[in-house]
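[1] prediction below, plus the sequence it came from.
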Amino acid sequence: MALVSAKEMLEKAVAGHYAVPAINLNNLEWTKAVLKGAQEMNSPIIVQVSEGAGKYMAGFKNVADIVNNVIENQGITVPVALHLDHGTYNGAYKCIEAGFSSIMFDGSSLPIEENLAKTAELAKVCAEKGLSLEAEVGAIGGEEDGVVGMGECADPDECKKIADLGITMLAAGIGNIHGVYPEGWPGLQFDVLQAIKDKVGDMPLVLHGGSGIPEDQIKEAISKGVAKINVNTECQIAFAEATRAYIEAGKDKAGKGFDPRKLLAPGAQAITDMVKTKIEIFGSAGKA
Ligand code: 13P
């Protein structure tokens, strides 16, 4: 199945009160493992790369080729959107060119007028090409690709302004942070989420920093309009732990256990298992 825009899957998620997992990719193993998990659960899936991960994977064109080829080779039939995560203005155009089906333009660090102007321009371009577009206001905290936000909460009025530009989905800070949540993290700010939802209506909302948020908070966020939840760190930790266990058990020294096809297999399985767990919690199982 060819890549699809995230628009339809997110509209269905809002209507059906569940969320579609958006899983960050890091390499070929990740791509195979994530798509396998989605297929086994019959769930729609968004796979995404940051600009740093795109560079690591030898460019956006290569990312699109890998995802398309894995879809074909593994017989993936569930809807798959290939999305740029936290894109710059130039990165957004590069991914449109490379064949991505969904784009995030993150202008949250820009003055709001500039963020609105660039988002409006990209909304037009994406609409013409049938691509979905995610915009962001209120930088999301934590560290990602060297970009550090302050974990602030978005201003609901700014959310309304950007939501009205013809975007598909909106990322708005509600106390969420990328990476591992620090000790004493106060949790998601549901009053802010509700205020945003009241302003933007049925616009699908995006929860970044999905790793490590307690299940009850995830479910409450979904009930208040969150329809896309980004997960990266938990897959990375699961991969690292499974790989470490393999090596600590001395398996790389037994027979041909050093063969990367064997060495990386437990980590890949751990990613598939993590994706399946997230699909279960987010409620997207069987919604393909
Ligand atoms: P985590 O790494 O905290 O799961 O966040 C992923 C993310 O939000 C990507 O944009």
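    Great, that's in hand.

[2] quick one: low-confidence parts of this protein?
    Counting by pLDDT under 70, the chain contains low-confidence residues at 141-151.

[3] can you do 90?
    1, 138-152, 181-186 (pLDDT under 90).

[4] tell me where it has helices.
    7-16, 28-41, 51-56, 60-73, 89-98, 112-129, 156-163, 190-200, 215-223, 233-248, 260-263, 265-282 (DSSP state H).

[5] can you put these in CSV and add mean neighbour count and distance to P182?
    Backbone N, C-alpha and C define where each C-beta goes, glycine included. Shown next, in CSV, are those (neighbours: other C-beta atoms under 10 Å; distance: least, C-beta to C-beta, whole Å):
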stretch, mean neighbour count, distance to P182
helix 7-16, 19, 29
helix 28-41, 22, 26
helix 51-56, 18, 22
helix 60-73, 18, 31
helix 89-98, 18, 29
helix 112-129, 16, 27
helix 156-163, 19, 25
helix 190-200, 18, 19
helix 215-223, 16, 15
helix 233-248, 17, 13
helix 260-263, 12, 32
helix 265-282, 21, 21
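
[6] which bits of the stretch 1-150 of the chain sit near the ligand?
    Proximity of the stretch 1-150 of the chain to the ligand, by C-beta under 6 Å from any ligand atom, involves residues 24, 85-86.

[7] and which of those is nearest the ligand?
    In terms of C-beta to the nearest ligand atom, no member of those lies closer to the ligand than D85, at 4.6 Å.

[8] apart from its chain neighbours, what residue comes closest to the closest one?
    Q48 (4.2 Å; C-beta to C-beta, 6 or more residues apart in numbering).

[9] right, and that neighbour touches A22 too?
    Yes. In this structure Q48 lies within contact range of A22 using C-beta atoms under 8 Å: 5.4 Å.

[10] what sits in contact with each of these two?
    83, 85, 230 (C-beta atoms under 8 Å, 6 or more residues apart in numbering).

[11] list the contacts for the last one?
    This means N230. Residues in contact with N230 (C-beta under 8 Å, 6+ apart) are 22-24, 48, 85, 206-210.

[12] just the ones of the residues you listed in strands?
    Secondary structure assignment by DSSP state E places 22-24, 48, 206-207 of the contacts of N230 in strands.

[13] for those, which one is nearest N115?
    V206 (15.5 Å; C-beta to C-beta).

[14] what pairs with that closest one across the strands?
    Counting by DSSP bridges, V206 is bridged to A171, K228.

[15] could you report the separation of it from G187?
    V206 sits 18 Å away from G187, going by C-beta to C-beta, to the nearest Å.

[16] more neighbours, these two?
    Legend: neighbour count by other C-beta atoms under 10 Å for V206 and G187, higher for V206 (28 against 14).

[17] for the more buried one, what are its contacts?
    Applying C-beta under 8 Å, 6+ apart to V206 gives the contacts 22, 134, 169-172, 226-230.
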